[in-house]
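# I'll drop the sequence and a predicted model, then ask my questions.
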Amino acid sequence: MNSGSARKGVYIVVGASRGLGASLVGRCLEKGLEVIGIGRTDENAVVSIADWRKTGRFKYVRTDIADPSSVNIMKSIAKLYEGNPVCVIFNAAVIEPDVEKNGNLMFDVFKKVNRTGINGFTHVLEAFESYLTSYGGMLVGISSISAWVPPIGGNKVSYPASKAYLDMALRSLRLLWGRRVHVMIVHLGHIGGSGSWLVPKYDDVAQKIIGSTLSSRPPENICMSTFYCFTYRVMRMLPDRVISSTVGIMKGFLNYISGEKALL
């Protein structure tokens, strides 16, 4: 397999212990795929790990990708499957406010977010690039529509910045690697709710992503939900302050109709 679908091979889910990552693992296993889950969470705290292991097609590797030592650990994983294509899904992220009430940055959180979103992605690339370009496969990056516009709500700077970095890195790698590796970028809006056309559930998002990787012609980009992505693309043409005010109103509306906090 080169830049075609990932219908065969091993799926490596980075950031697999909870939320969307756990749903991605579950969907892969439902499709009969072999999965390596990577996370910094202790395996005893991963809710579904017992069921995953019952399939005989799941392994969990505990490591913190923000730590440079994780590179050799992840390289050792690739060596187990040498010669076979892999699909690496980068889902790791730290989503925490990094702005104080007085408007100053909280640099401990700022650095924490970037250690995972930027340094962590770099370590994943260092571990798997040679393998991907040698044996083919797919790299999927879970990004956010926050990568397209300035931070909204005023309490996050490093998170959208790290997603913008991820976006540009993936787009550049797509050109660099050409047909050797298929690069897919997933832009997400508000997910993880009870499930609707506006706020899809984790499982529904995971099904869309994994199904797309298994397609004979996998897309380069996925956006969920369509409403969010269309709205953000339009707002990219507006001044930053107008965007912030507009999205603030929209965020309040979404919180009201969904009964949940919009993760924008």
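That came in fine, so what should we check first?

# what helices or strands is the helix or strand hosting residue 38 leaning on?
In this structure, residue 38 sits in strand 34-39 according to DSSP states H and E. Using 3 or more CB pairs under 8 Å, 6 or more residues apart in numbering; DSSP states H and E as the contact test, the elements touching strand 34-39 are strand 10-14, helix 19-30, strand 58-62, helix 70-79. The C-beta positions use only the backbone N, C-alpha and C, and glycine is treated the same way.

# and with 7 Å instead?
In terms of contacts (3 or more CB pairs under 7 Å, 6 or more residues apart in numbering; DSSP states H and E), strand 34-39 is packed against strand 10-14, helix 19-30, strand 58-62.

# Tell me where the stretch 51-200 of the chain has helices.
The residue ranges that make up the helices of the stretch 51-200 of the chain, judged by DSSP state H, counting those that start in this stretch, are 70-79, 107-114, 121-135, 158-177.

# Quick one: closest of the ones you listed to residue 34.
Closest to residue 34 of the helices of the stretch 51-200 of the chain is helix 70-79 (CB to CB; 11.7 Å).

# Contacts for that closest one next, please.
With contact meaning CB atoms under 7 Å, 6 or more residues apart in numbering, helix 70-79 is reached by 12, 36, 61, 63-64, 86, 123-124, 126-128, 131.

# Sort out which one of these lies nearest residue 102 for me.
Out of the contacts of helix 70-79, the member with the shortest distance to residue 102 (by CB to CB) is residue 64, at 31.0 Å.

# so the closest one touches residue 40, yeah?
Yes: at 4.3 Å, residue 64 and residue 40 qualify as touching, with contact defined as CB atoms under 7 Å.

# Give me the neighbour count for residue 80.
Each residue near residue 80 was counted by other CB atoms under 10 Å, and the total is 10.

# Could you do the one 5 residues further on as well?
Residue 85 has 21 neighbours, counted by other CB under 10 Å.

# Touching, it and residue 137? I think so.
Yes: under the criterion of CB under 7 Å, residue 85 is in contact with residue 137, at a separation of 4.2 Å.

# what ranges of the protein fall below the confidence cut-off?
Across the chain, the stretches falling below the confidence threshold (pLDDT under 70) are 1-8, 150-154, 193-197, 243-248, 250-264.

# dump the residue contacts of residue 55.
Listed by CB under 7 Å, 6+ apart, the contact set of residue 55 reads residue 29.

# That one and residue 104, how far apart?
Taken as CB to CB, to the nearest Å, the spacing of residue 55 relative to residue 104 amounts to 48 Å.

# One more: residue 155?
Here residue 155 is placed at a distance of 12 Å from residue 104 (CB to CB).

# Over to residue 19?
Using CB to CB, we find residue 19 at a distance of 29 Å from residue 104.

# if you count what's nearby, which of the two comes out ahead?
Between residue 19 and residue 104, counting by other CB under 10 Å, residue 19 is the more crowded of the two (17 against 9).
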